[in-house]
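# dropping a prediction and its sequence here:
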Amino acid sequence: MKCALVTGGSRGIGSAICKKLAVDTKYHILINYHSNKIAAEQTLKEVLKLGATAEIIQFDVSNFEEVQSVLTQWQDANPEAIVEAIVNNAGITKDGLFMWMSHEDWNGVMNTSVGGFFNVTQFFIQKMLRNKYGRIVNMVSVSGVKGTPGQTNYSAAKGAIVAATKALAQEVAKRNITVNAVAPGFIRTDMTSQLDEKELLKLIPVNRFGEAEEVANLVSFLISNKSSYITGEVININGGIYS
C-alpha cells in the first residue's frame, strides 16, 4: 500500500489537497488532524466519495514523542505500507506586533511549523531513502518569502522551512526524492476569513483571493512524476504579489 500523508489535512488548504490527491493519484491518503475530529471525518467522507482509500490519523505535529508513538503504531499495524509522499501543511498563526509578542506565541508558531516539519519528515526519510523514491512538499507562505508585518513569528517559521527545503533537497536528490515548498498568498480559507479582503485586494495584481483548490492543483503536480526534475524550489502562488 503506497500512501500520502497530509498534515493538518482536515480543513482549508489541507482538506483541498487530500481531495485533489484522491482524484489525481492512487495513494491511500492519511489525513492528519490535531483537534478538529468532525472536520477530519468530513474530509475523509469526501475523499472516500471521490474513490480513494483513506484514514484519519490524530497527532500534534509539534509534539515529537506523540508523532513518534502514533506513527510507529500505525507503521506496526500496516507493515506493508510505504509513505511515498508527505505534505507538511499543518501550521498556526498567532499574529501580533513583535514588541508585544509573548514567548508562547513565538514558540507555538515555531514548534508547529518548524518542529512539525522535523518530527514528521524525519520519521519517514530513512525509509524513503531505502526505497529510492519520495515526494516532500512543504507548505510555506508569502510571509516566509517576503516577510509580513504583524507576523514576525509566522514569517520566521515559514522562512526557516524555505531554507530547510533547499538544504534537504540537495541531501536526498540522488535517491529520487524531491523536496519543494509551495508559498501561497491570500487564499480563501478559515485562516483568512478575518482579514479585510477589500483592503488587501489592492496588493494583489489579479484582484482576488486564491482558492484552496488552486493551491491543491500545484501540490498534486509536485507529488506526481511530472515534476521529477523540480527540487529545492519555492513556488509562489499568490496572484502576482510583489512581482
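Here it is on my side, so go on.
# what about the strands in the protein?
For the chain, the strands defined by DSSP state E occupy 2-6, 28-33, 54-58, 82-88, 134-139, 177-184, 187-188, 210-211, 234-237.
# kindly export the first one (C-alpha atoms) in CSV.
I take that to be strand 2-6. Output of strand 2-6 as CSV, limited to C-alpha atoms (Å, rounded to 0.1, in the frame of the first residue of the first chain):
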residue,chain,number,x,y,z
LYS,A,2,1.5,3.3,-1.1
CYS,A,3,0.5,6.3,1.0
ALA,A,4,0.5,10.1,1.0
LEU,A,5,0.4,11.8,4.4
VAL,A,6,-1.1,15.3,4.6
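# contacts for that strand?
14, 17-18, 21, 25-32, 57, 81-87, 89, 120, 124, 223 (C-beta atoms under 8 Å, 6 or more residues apart in numbering). Glycine gets a C-beta too; all of them are placed from N, C-alpha and C.
# need the buried ones from those residues selected in PyMOL.
Remark: buried members of these, expressed as a PyMOL selection using 16 or more other C-beta atoms under 10 Å:
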select buried, resi 14+17+18+21+25+27+28+29+30+31+32+57+82+83+84+85+86+87+89+120+124+223
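# list the buried residues in the helix of greatest length in the chain.
Criterion DSSP state H: the longest helix present in the chain is helix 152-172. By neighbour count on 16+ other C-beta under 10 Å, the buried set for helix 152-172 is 152-162, 164-166, 168-169, 172.
# what is that helix packed up against?
helix 103-110, helix 116-131, strand 134-139, helix 142-146, strand 177-184, strand 234-237 (3 or more C-beta pairs under 8 Å, 6 or more residues apart in numbering; DSSP states H and E).
# worst average pLDDT in these?
Among the helices and strands packed on helix 152-172, helix 142-146 carries the lowest mean pLDDT, at a mean of 93.
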